[in-house]
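Engineer: Compute the structure for the input listed below.
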Amino acid sequence: MLTVYGDNRSGNCLKVKWMLDALGRDYRWVETDVLTGATRTPEFLARNPAGQVPALVLADGRVLAQSNAILVYLAEGTDWIPADPFTRARMFEWLFWEQYSHEPYIAVARFQRLLAGKGPDEIEPRLMQRGYAALDRMETALAGRDWLAGQAVSLADVALVAYTRVAGEGGFDLMSFPAVQGWIARVEAALGIG
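Structural biologist: Residues are numbered from 1 along each chain as shown. Down below sits the predicted model:
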């Protein structure tokens, strides 16, 4: 059986959980509180030297880290990864962009507001500017389209919906992004979450 070490407050962890559920896979979830140092213990660091969640432990004991790498591993051979080489590459383009140009701003602002208890005036303006730039990029990409990569839901959508759907918790107003709002509802429906 698969084991996932994850924190239910983390979008990076939840997207792995959602994919496992969508695929109907059996797994054991080990709640791992990042705020109490659970990822810094010698036991956890032996499993994942990066000291991060999620961490997926395969039945044979091998460990895979980084949420988007885990998504790709889990979805290999399914319709969540496009068969067309160009569309698949587009999916990867969005996966890389999510971790570099979206998550560091939207997720970090959310963490600071929701979990660290900072007020709006304590959030670095650059986080908000870059977060809104990411939302603008998505709004443009989704204008007249249902999905980010191709004509069907893919891992690109799963990866990006995790923190986009809760961007308001970081102080981002999604009312100015109707295409993003519609896309969130479609991805949530495809994953059976909401």
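Engineer: does the spatially closest residue to residue 99 that is not a sequence neighbour sit in a helix, a strand or a coil?
Structural biologist: Residue nearest to residue 99 in three dimensions, not counting chain neighbours: residue 68, with 6.3 Å by CB to CB, 6 or more residues apart in numbering. (Glycine included, C-beta is placed from N, CA and C.) Classification of residue 68 using DSSP: H, G, I helix; E, B strand; the rest coil returns helix.
Engineer: ok, now residue 4?
Structural biologist: strand.
Engineer: Tell me which residues touch it, please.
Structural biologist: 13, 16, 17, 20, 27, 28, 29, 30, 54, 55, 56, 57 (CB atoms under 8 Å, 6 or more residues apart in numbering).
Engineer: rerun that using 6 Å as the cut-off
Structural biologist: Going by CB atoms under 6 Å, 6 or more residues apart in numbering, residue 4 touches 16, 27, 29, 54, 56.
Engineer: Going by neighbour count, which of these comes out on top?
Structural biologist: Among the contacts of residue 4, the one with the most neighbours (other CB atoms under 10 Å) is residue 16, at 28 neighbours.
Engineer: Wait, that one touches residue 69, no?
Structural biologist: No. Look at residue 16 against residue 69 with CB atoms under 6 Å: they stay out of range, at 10.0 Å.
Engineer: how about stretch 134-148: buried residues?
Structural biologist: The neighbour-count check on stretch 134-148 (16 or more other CB atoms under 10 Å) flags 134, 135, 138, 139, 141, 142, 146, 147, 148 as buried.
Engineer: same question for that stretch, mean pLDDT?
Structural biologist: The average pLDDT within stretch 134-148 is 98.
Engineer: my guess is residue 158 contacts residue 17, does it?
Structural biologist: No. Counting by CB under 6 Å, residue 158 stays clear of residue 17, with 10.8 Å between them.
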